[in-house]
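K.L.:
quick one: sequence and predicted model below, then my questions.
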Amino acid sequence: MNSLPVPNEYLGFAAAAGVASWLYLNRRTVRGDYAFLFYSAAYFALYATLRAFPLASASPSIAAAFIALTYFTTLASVTVGYRLSPWHPLANYPGPVLWRISSVYLTYISFMGRRHLILDKLHAKYGPFLRIGPNTLSLNTPAATSVYLTMEKSDAYRFPAHDKVVGIFFKQDSKEVHRERKKLWGGMFTPNGLAQLTPALEKRTWEVMRCIERRQKANGGYVNLPEAFYHWSHDFMGDMVFSGCNKIELMKNGDAKELIYTGKLATVMQDSLGQSPWLMDILWQIPATKDMHQLVRLASQMTRTRVQAKELPAFRDLISYLMEGGVSLPDMERDAVIGILGGSDNTSIAMSLCCYFLVAEPHYYVALRAELDAAFPDPLGHLAPATLATLPLLNGAIHEILRLGSPYFLPRVAGPGGAKVDGHYIPEGTIVALAAYSQQISPDNFYPEPMNFRPERWQPQGLGPDTKTNKAVLASFSFGPHSCIGKVLAWQELRYCLSRVVLAFDMEFQPGFDVQAFRDGILNMRTTLLEKDMFMKVSRRAGVDLDKVFATLEAE
Ligand code: HEM
């Protein structure tokens, strides 16, 4: 006798449909928003049918709920069973059970900002090849850097609108499209292109020094340094993209439109929900996430103004390279967002972390200033990029910041025929990522004191005879066809800005600043989020007359 409110044959049919759906969906990519609409429509159709042809044993709503529950329970059970079964292609790779069942767990961990620390612990427990999703591996071995040379980006990089607009950073349907776009961007990073950007970088750097002093004065003697550097890098990237049409003036006007927040939010969403792209598809449609579009709207406006401008730009900006390449307006708008966001976030955080580590271990600050003084006797004089590039402590400090401050998780997908890493077969369609943080703090690669800021390790004599500095695993700018195109500019910005600041200012933390708590509060979701502020007191170094420089700026 059936004690359920719905006849067995209905439930049997629902269970069979669940199994059939699994057969169809397994290893297929479906758009989450479409699936959501499909299932909603199917549910209402079922309900309507049950209203038209009611069952004697249950109301239409109870019967529809039972049938849907049976369908979804079957689909979920078969999916979980398969993912944990020895027949799954990744069955031989170890990893915690929850992570293997659903990508939602990795999404959740990513969203919490300490994914790199958690993965590091899991690698210590399970070994270098770790299954962290139904179809995802984290690889903690130097050989895994090779996946970036051969594999394409995973679906985590699809722009959630699923439109035909091409943006350099996002996953494209063809490699050719990406290559062409990158070639256009490349013009900006040739020696001539970079030389054209240098005056704007220098101007923005003087401005950030003035901004730091002003904000400090207005704020009772202390300034939140990371905020000033966020504003510096956004203003400069606005120049780089739009030249004279740039309206981003965060150092001057503050950030009332919350460009930093919304830009970071968009990156966090992409980094965490990207691990479950179907979920991203659904959430992208929810009005609450429209906050993330703030920067997109502003960049679109400025792109249009810039494209329509009658006068030639003061220097060759990104839009001029894209216009010359015949790029469409929607594509330019998307690239503009990538330029501002991609070019400002990492650079500004690297600047903040440079100051943090140098002030936390002030003997490095003193040594760096001595190195700079020897190279540039006038602390306010011209800083030749070629000379900056040769200074060992300056470059060692930046290398250390990149090593300790870029724990990125950059997923790629194994192409046809799969791949081999360290003799391990990675089946086609598997998502893989280098455990960049683990590699960058591993004593096998960086020794001694791998967790500490030690710029000397990048110099030829290192930290003594046992020094290990495995430069090949530093993944801060990634590798291969999708590696950072702005690497040379980023280095130039960091060398220049750090040198200016150290040559002109003495710095100290606000009393009570907890050095360790600040470090413990550094989160990463591709963008870095700081749980704690970093208020500093900045004083002009004796004999440094910045007023003259600032007066010139004012006059311009
Ligand atoms: C310290 C500073 C920087 C760091 C650590 C950094 C890091 C990275 C990384 C890791 C990637 C690869 C992302 C991935 O595969 O998911 C990337 C891509 C990219 N970066 Fe940077 N970046 C920095 C500065 C810049 C600057 C100044 C620009 C200037 C415009 C820039 C523009 C880009 C672009 C356009 C891409 C996409 C390249 C492509 O898809 O082929 N980055 N960056």
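P.N.:
Sure thing, it's come through.

K.L.:
those residues of the stretch 351-500 of the chain touching the ligand, which are they?
P.N.:
406, 408, 410, 476-478, 482-486, 489-490 (Cβ under 6 Å from any ligand atom). Heads up, the C-betas are built off the backbone N, CA and C, glycines and all.

K.L.:
which two of the residues you listed have the greatest separation?
P.N.:
Spatially, the most separated pair among these is L410 and L489, at 19.8 Å (Cβ to Cβ).

K.L.:
which residues touch stretch 60-74?
P.N.:
4-6, 10-11, 14-15, 17-19, 21, 43, 46-47, 50-51, 54-55, 57-58 (Cβ atoms under 8 Å, 6 or more residues apart in numbering).

K.L.:
ok, now which ones touch P7?
P.N.:
Contacts of P7 were listed using Cβ under 8 Å, 6+ apart, and they are 55, 57.

K.L.:
give me phi/psi at it?
P.N.:
phi -60, psi 150 (degrees, to the nearest 10).

K.L.:
any idea how far A56 is from it?
P.N.:
10 Å (Cβ to Cβ, to the nearest Å).

K.L.:
could you do S476 as well?
P.N.:
Noted for S476: a distance of 67 Å to A56, by Cβ to Cβ.

K.L.:
the two: who's more crowded?
P.N.:
More crowded of S476 and A56, by other Cβ atoms under 10 Å: S476, with 22 against 6.

K.L.:
which of the helices or strands spans that one?
P.N.:
Here S476, judged by DSSP states H and E, is contained in no helix and no strand.

K.L.:
that one contacts L402, doesn't it?
P.N.:
Yes. If you go by Cβ atoms under 8 Å, S476 and L402 touch, sitting 4.0 Å apart.

K.L.:
quick check: buried residues in stretch 213-220?
P.N.:
Residues 213, 215-216 are the ones in stretch 213-220 that count as buried (16 or more other Cβ atoms under 10 Å).

K.L.:
number of residues surrounding the nearest residue to P392 once chain neighbours are set aside?
P.N.:
Take P392 and drop its neighbours on the chain: the residue closest to it by Cβ to Cβ, 6 or more residues apart in numbering is Q459, 4.8 Å away. Using other Cβ under 10 Å, the number of residues around Q459 comes to 15.

K.L.:
check what pLDDT Q459 gets.
P.N.:
Per-residue confidence (pLDDT) for Q459: 96.

K.L.:
where does this protein dip in pLDDT?
P.N.:
Under the criterion pLDDT under 70, the flagged ranges of the chain are 1-2, 287-292.

K.L.:
go through it and flag its longest helix.
P.N.:
helix 329-360 (DSSP state H).

K.L.:
return the set of buried residues in that helix.
P.N.:
331-360.

K.L.:
with stretch 97-117 instead?
P.N.:
Within stretch 97-117, the residues that count as buried by 16+ other Cβ under 10 Å are 99-107, 109-111, 113-117.

K.L.:
about what we covered before: want to try CSV for the residues of the stretch 351-500 of the chain next to the ligand, with secondary structure as columns?
P.N.:
Shown next, in CSV, are those (DSSP: H, G, I helix; E, B strand; the rest coil):
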residue, secondary structure
S406, coil
Y408, coil
L410, coil
S476, coil
F477, coil
S478, coil
H482, helix
S483, coil
C484, coil
I485, coil
G486, coil
L489, helix
A490, helix
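
K.L.:
out of the residues you listed, which end up buried?
P.N.:
If you count burial by 16+ other Cβ under 10 Å, the buried members of these come out as 406, 408, 410, 476-478, 482, 484-486, 489-490.

K.L.:
for those residues, which one is nearest the ligand?
P.N.:
The ligand has its nearest neighbour among these in G486, at 2.1 Å by Cβ to the nearest ligand atom.

K.L.:
re the thing from before, shouldn't the residue nearest to P392 be in contact with L394?
P.N.:
No. Contact criterion Cβ under 8 Å: Q459 and L394 do not qualify, at 11.1 Å.

K.L.:
how about the buried residues of stretch 213-220 in JSON lines, adding distance to the ligand?
P.N.:
Below are those laid out as JSON lines (distance: Cβ to the nearest ligand atom, whole Å):
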{"residue": "E213", "distance to the ligand": "25"}
{"residue": "R215", "distance to the ligand": "23"}
{"residue": "Q216", "distance to the ligand": "25"}
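
K.L.:
Y126: which of the residues you listed is nearest?
P.N.:
Using Cβ to Cβ, R215 comes nearest to Y126 of the buried residues of stretch 213-220, at 46.8 Å.

K.L.:
how far away is that closest one from P416?
P.N.:
R215 is 54 Å from P416, by Cβ to Cβ.

K.L.:
do the same with Y157
P.N.:
From Y157 across to P416, the span is 19 Å (Cβ to Cβ).

K.L.:
more neighbours: which of these two?
P.N.:
Shown here are Y157 and P416; by other Cβ under 10 Å, Y157 has more neighbours (20 against 6).

K.L.:
got the contact list for that one?
P.N.:
Going by Cβ under 8 Å, 6+ apart, Y157 touches 169-171, 270, 274.

K.L.:
ok, 10 Å please
P.N.:
Residues in contact with Y157 (Cβ atoms under 10 Å, 6 or more residues apart in numbering) are 167, 169-172, 270, 274, 277, 410-413, 482.

K.L.:
around the ligand, pick out the residues from this protein.
P.N.:
The interface of the chain toward the ligand, taken as Cβ under 6 Å from any ligand atom, is made up of 168-169, 182, 338-339, 342-343, 346-347, 350, 406, 408, 410, 476-478, 482-486, 489-490.

K.L.:
could you pull out the strands for the stretch 1-150 of the chain?
P.N.:
Assigned strands in the stretch 1-150 of the chain, in chain order: 129-133, 136-139 (criterion: DSSP state E, counting those that start in this stretch).

K.L.:
what sits up against stretch 540-556?
P.N.:
Contacting residues not belonging to stretch 540-556 are listed as 203, 206-207, 209-210, 213-214, 369, 378-380, 502-506 [Cβ under 10 Å, 6+ apart].

K.L.:
repeat that for 8 Å
P.N.:
Counting by Cβ under 8 Å, 6+ apart, 203, 206-207, 209-210, 213, 379-380, 503-506 sit against stretch 540-556.

K.L.:
and if you look at stretch 93-104?
P.N.:
By Cβ under 8 Å, 6+ apart, stretch 93-104 touches 80, 83-84, 90, 105-106, 122, 126-127, 129-137, 275-276, 279.

K.L.:
list the contacts of the most centrally placed residue in the chain.
P.N.:
Per Cα atoms, centre = their mean, the C-alpha nearest to the average position across the chain is that of R526, at 2.7 Å. The contact partners of R526, taken as Cβ under 8 Å, 6+ apart, are 267-268, 270-271, 408-409.

K.L.:
out of those, the closest to the ligand would be?
P.N.:
Y408 (5.3 Å).

K.L.:
once you drop chain neighbours, what's closest to R179?
P.N.:
Using Cβ to Cβ, 6+ apart and skipping the chain neighbours, the partner closest in space to R179 is P481 (7.2 Å).

K.L.:
now do the contacts for that neighbour.
P.N.:
Neighbouring residues of P481 by Cβ under 8 Å, 6+ apart: 149, 175, 178-179, 182.
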